[in-house]
Structure formats: C-alpha cells, structure tokens
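*Asks:* here is my input; please provide its structure:
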Amino acid sequence: MSTLERIARDNCSTRSRADASRLYLKPKAVGISDDGQGHLLSNSRRDTTNQVLSPNVTHLISLDGASSLPFSTRSPPRRAQPARTLASGGRGELDWDRAALLKLSDSVRTNLEHRRSVGPDIEKLSGFLEAALRDEEQQCGRPTLDIETIKYARLDKLLAEILQFAEKEKTKAAAACARGRPSMAGTGAAGTSCGGGGSSIRSDNFFPLQFRVLVSHVKNLWRAWRRRFREQYSMMDQNRCAALVQAGGRLKDVSFNTSAAYNLGMWQTKVGDPISELEGDLQFDPGHWWLNITCAERDGMVGSSLEMPTKGRYCITTLPLLTGQEEWIRDNTSKYVREGESRDMHIALISQVGRQIRVLRGYRLKSVLAPQAGVRYDGLFTIKQYGCKLDNKMNIYRIELTLERVPSPKVSLEDIGSIPRPSQLDDWNLYEKLEGDKIKLLRGETSYLDWKLRRQEEKTDREGWRRARLFRASASR
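*Replies:* As a prediction, this is how the structure comes out:
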C-alpha cells in the first residue's frame, strides 16, 4: 500500500469516529441556553396554554359584533399586530359601540335608582368591565377606549353610581346587622350575613360573589381611567356643559333672555322659514325630549314658547301641558284641569273636540304622567270633552279637558314613562346650572337666590302631590 493510500484511509476512519461521537451527544437543555431564546419559547408555550384554558379569554372572544353587546373584537392584519397581542392568544383590538354603551349605562343606572339592583344587564356589564380592564392592561400602553366614548356613554357616571350604591347598601346592611335584623336588598343584588347573631359583621358577606367581583372591577377601572386621563376625567361635566350650546347640542340656536315676559323660562330662539329637519322627516316619535319648550319651538314642534295650543309647520295642532293638574281616570284616559284668566282657557280647542292633537307634558305639570325634567312629546291624543266655567266669587276660570291617548305601535306607555333617562337627566342638571349661572351673572346674587328658592319650593310641592296621588291610587286598588 502506498503512503498516499494509507493517509487517506486514516483520515476516513477519523471522520467516522467523530460523526459517531456526535450522534450520541446529549442534546443541550433549552431552558439554560445562553441567549434566553429557549426560555422565552417555553414561557410562550405555557402562556398560550393558559390563555386557551382561561374562561375569561374564551368569554371575550365569543363577543362578536352581531350581538347587542357594547363592543366586538376587531382583528388587525397579522403583520400589524404587536408581539404582545400575538403572545396573549391573538386577540385583536376592541371596537366600542357608543350607542350600545350608552344604552347599557342608562339601563344599569335606572335599575340602581329604582330597583336597588344592577338589573338584567349584569352579564353585559361584567363583560364590558372585563374587556375594558383587559384593554387597559394589554394594549401596549395604547388602550382603544378613548375619553370621548367615555364622555358620550356617561361611563364615568356609571362607575360612580355603582360605587355609591355598593357603599350605601353596605352601610344599611351593617346597621341592620348591628340591630340584629339582617336586611336583604329588594331585587337580590345584595344580601346580608351577620356572624354571631349580629355581633360579628363581615363586609365580604354583604353582597353575593358576582356583585363583589363586579364592584372590584369597577374600582380598578375607575383608578385606571383617572390615572390615564388625569384632569380630563374630572372635567368631563364642564366639557358636557359647554357642548350643550354648541352645534349639535341640546341648546343650539337657543339663547338666554332675561327680559322674557312669561314664567315658563328665559330662553328664546329664532324660528326660520324652512321646515324643521325633524318635522320634515316626520321623526317626532312619542318620547322625544327637550330641555324646555323653546327647544321644541326651535325644532318646529310648536309655534310658540307660550303655554297655548299652536300649529307646527305641518299644521298639526300641539297642546303643551306645562302647568296645572292632570288626573289619570283609566288606562288611556286622563282629565286635565287648569285655573286662570280667560286667555288661559284654550278656547280654540272647542273646534278640536273629537280630533287628534299632539300633547307635550312638562315637568311642572302635577301629574303622575309628567316627566321628571324637561318637556316630552307623549304622542297623539283625542279630545273627548271640553269644558270651561267661571267662578263668580273668585273671578277665576276653570278648564277641564278629557284626553284619550291614541295607542302607538312604536312606543309603549311604559317606555314613554321611562324618559328622561339618566343620561338626559345629566344634561338637565347641567342645563339648570347653566341657567342659574346666567341669572347670577346678569341679574345678581339676589335674583339667583330667589330663582333657586322658587325652584326648590316647586319641586317639593310636586313631589308631595305625586306621593299623595300614588298613595291614594294604591289604597283604592
């Protein structure tokens, strides 16, 4: 064998031994790699498993835009997704529905005030709170829920009222336990448990688990919004008040007038010749609501801000019931009574007996059907009877109108009675504050105090009258 062949054979055997030794080497553990990539991969695998098994994530993914829920998942292109979103299960951004959020907020706030409960929308509310908290935590510092959506849907009011309700119910329950008489919330939102016959009180037993979790989410979301928006969050009411008089606001094209001769308000508007957009599209559905009668005049519903029957721009007679009294006779029939001078007797309605007219009700009307604030369109009514007589001793006229409501296929009487909603009452409170500030600025502190005292006396009188009528009605039944 030549020297060259011997060298080639030795090299071949050396390579074979080296390859064999590499085949039997033990693989290096991924978790202790120097660059940390193996550890990140292991964590990513474990996070993905946790996300799949998490019931919360499954619940959020199942929320789609086809439902009436206030948000839906919106997946951006995969290339545009941040790494954190992909690592958390691939969920896209949330697409918030302002109208649905406002409806949810109004529903929950109404139930808290009248039924001492979150109401039937507790599942929707819980889903929203979970989604909003996850949005605050997992959007890489860029949450999708902005301040304008919170302001429009009154979400700041919703969180505040839930916290106030929980604190009030806890105080009541603690007092009941201290007296040895556990109390229960009327609709099952809260329950009380006193340990040791009332001697030991545990605040975590005042509410069921679902409500305690909900309140915890509310607190965390409230803190997150205050931390993110800072002074913008605390100044939302000021911004809402400024928006009332801007284009699209409830007081657009309406100005304050301190020299108004009538006592129903101090606002005026310039009525133009063109037909109102609302009336032109026949969008005056029962339940339409205004801050005052002047706003209804601006939209063409009535022809004057005075309390008198007028015809709108489509020659439909509208009767505003802003003062006086109204007795509910039966299902759709009521009797309106008003006393005053001859000019207040609506003589023109004699020719409307048997015909249908539109009826507005104002908050100053003493009636169980009157709105809590502002002026509301209650639909079409038929004038069944008109009567007017003079008290010679007092020289006072008295009008009696029997009105029968025409059933509406669009809105029920119960739905009309729920208006104004909490979000509309928010605007009403801002409107009253705005009017008070204008009176103080233009007429002085004395006029402002007189106006405020008169408003409070009227409110107390109306509430007393309403309680008496409701008590009398319940006693008769």
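
*Asks:* go through this protein and flag its longest helix.
*Replies:* The longest helix of the chain (DSSP state H) is helix 445-476.

*Asks:* name the helices or strands packed onto that one?
*Replies:* If you count contacts as 3 or more Cβ pairs under 8 Å, 6 or more residues apart in numbering; DSSP states H and E, helix 445-476 packs onto helix 422-443. Yep, even glycine has a C-beta here, placed from its N, CA and C like the rest.

*Asks:* buried ones in the helix it packs on?
*Replies:* 422-428, 430-431, 434-435, 438-440 (16 or more other Cβ atoms under 10 Å).

*Asks:* let me have those in JSON lines, extended by distance to residue 249 and pLDDT.
*Replies:* Listed next are the buried residues of helix 422-443 as JSON lines, based on distance: Cβ to Cβ, whole Å; pLDDT from 0 to 100:
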{"residue": "422", "distance to residue 249": "18", "pLDDT": "96"}
{"residue": "423", "distance to residue 249": "14", "pLDDT": "95"}
{"residue": "424", "distance to residue 249": "13", "pLDDT": "95"}
{"residue": "425", "distance to residue 249": "16", "pLDDT": "95"}
{"residue": "426", "distance to residue 249": "13", "pLDDT": "95"}
{"residue": "427", "distance to residue 249": "9", "pLDDT": "95"}
{"residue": "428", "distance to residue 249": "13", "pLDDT": "95"}
{"residue": "430", "distance to residue 249": "10", "pLDDT": "95"}
{"residue": "431", "distance to residue 249": "10", "pLDDT": "94"}
{"residue": "434", "distance to residue 249": "11", "pLDDT": "92"}
{"residue": "435", "distance to residue 249": "15", "pLDDT": "90"}
{"residue": "438", "distance to residue 249": "16", "pLDDT": "89"}
{"residue": "439", "distance to residue 249": "20", "pLDDT": "89"}
{"residue": "440", "distance to residue 249": "22", "pLDDT": "89"}
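
*Asks:* for beta bridges, what are the partners of residue 403?
*Replies:* Residue 403 has these beta-bridge partners by DSSP bridges: residue 334, residue 383.

*Asks:* flag the shaky bits of the chain, pLDDT-wise.
*Replies:* 1-69, 71-94, 139-141, 180-206, 258-265, 271-283, 312-314, 476-477 (pLDDT under 70).

*Asks:* can you list the domain ranges for the chain.
*Replies:* If you go by automatic domain parsing, the domain ranges for the chain are 43-168+211-229, 244-476.

*Asks:* hang on, the earlier thing: looking at the buried residues of helix 422-443, spot the one nearest residue 158.
*Replies:* residue 422 (8.7 Å; Cβ to Cβ).

*Asks:* what sits against that closest one?
*Replies:* Residues counted as contacts of residue 422 (Cβ atoms under 8 Å, 6 or more residues apart in numbering) are 105-106, 109-110, 113, 154, 157.

*Asks:* what do you get for residue 158?
*Replies:* Residues counted as contacts of residue 158 (Cβ under 8 Å, 6+ apart) are 105, 108-109.

*Asks:* turn the residues you listed into CSV, including secondary structure, neighbour count and distance to residue 410.
*Replies:* Putting the contacts of residue 158 into CSV (DSSP: H, G, I helix; E, B strand; the rest coil; neighbours: other Cβ atoms under 10 Å; distance: Cβ to Cβ, whole Å) gives the following:
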residue, secondary structure, neighbour count, distance to residue 410
105, helix, 26, 23
108, helix, 24, 25
109, helix, 24, 24
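
*Asks:* distance to residue 216 added to these, as TSV?
*Replies:* Output for the contacts of residue 158, formatted as TSV (distance: Cβ to Cβ, whole Å):
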residue	distance to residue 216
105	19
108	16
109	19
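
*Asks:* restrict stretch 155-162 to CA atoms and write it as CSV.
*Replies:* Below are the C-alpha coordinates for stretch 155-162, written out as CSV (Å, rounded to 0.1, in the frame of the first residue of the first chain):
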residue,chain,number,x,y,z
LEU,A,155,-69.4,55.7,31.8
ASP,A,156,-67.9,57.9,34.5
LYS,A,157,-71.4,58.4,35.9
LEU,A,158,-72.0,54.7,35.7
LEU,A,159,-68.9,53.7,37.7
ALA,A,160,-69.5,56.4,40.3
GLU,A,161,-73.1,55.4,40.9
ILE,A,162,-72.2,51.7,41.2
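
*Asks:* can you tell me which of the buried residues of helix 422-443 lies nearest to residue 459?
*Replies:* Distances from residue 459 to the buried residues of helix 422-443, taken by Cβ to Cβ, are shortest for residue 428, at 12.3 Å.

*Asks:* spatially nearest residue to that closest one (excluding sequence neighbours)?
*Replies:* residue 373 (4.1 Å; Cβ to Cβ, 6 or more residues apart in numbering).

*Asks:* do the same with residue 458
*Replies:* Per Cβ to Cβ, 6+ apart, closest to residue 458 is residue 364, 6.6 Å.

*Asks:* mind listing what the one you found touches?
*Replies:* Neighbours of residue 364 in contact, by Cβ under 8 Å, 6+ apart: 264, 322-323, 370, 458, 462.

*Asks:* now which of those would you call buried?
*Replies:* Using 16+ other Cβ under 10 Å, the buried members of the contacts of residue 364 are 264, 322-323, 370, 462.

*Asks:* of all the residues you listed, which comes closest to residue 169?
*Replies:* Residue 169 lies nearest to residue 462 out of these, by Cβ to Cβ, at 28.1 Å.

*Asks:* verify the stated contact: the closest one with residue 362.
*Replies:* No. Counting by Cβ atoms under 8 Å, residue 462 does not reach residue 362; the two are 11.0 Å apart.

*Asks:* circling back: from residue 288, how far out is the residue nearest to residue 458?
*Replies:* Separation of residue 364 from residue 288 (Cβ to Cβ, to the nearest Å): 18 Å.

*Asks:* next one: residue 95
*Replies:* 29 Å.

*Asks:* so which of those two has more stuff around it?
*Replies:* residue 288 (20 against 12; other Cβ atoms under 10 Å).

*Asks:* ok, the more buried one - contacts?
*Replies:* If you count contacts by Cβ under 8 Å, 6+ apart, residue 288 has them with 301, 376-377.

*Asks:* what ranges do the strands span in the stretch 51-200 of the chain?
*Replies:* Taking DSSP state E, counting those that start in this stretch to define them, one finds strands in the stretch 51-200 of the chain at 71-74, 93-96, 194-195, 200-201.

*Asks:* one more: the stretch 251-400 of the chain?
*Replies:* Under the criterion DSSP E, counting those that start in this stretch, the stretch 251-400 of the chain contains strands at 254-256, 267-269, 289-290, 310-311, 317-321, 325-330, 333-340, 356-362, 375-391, 396-405.
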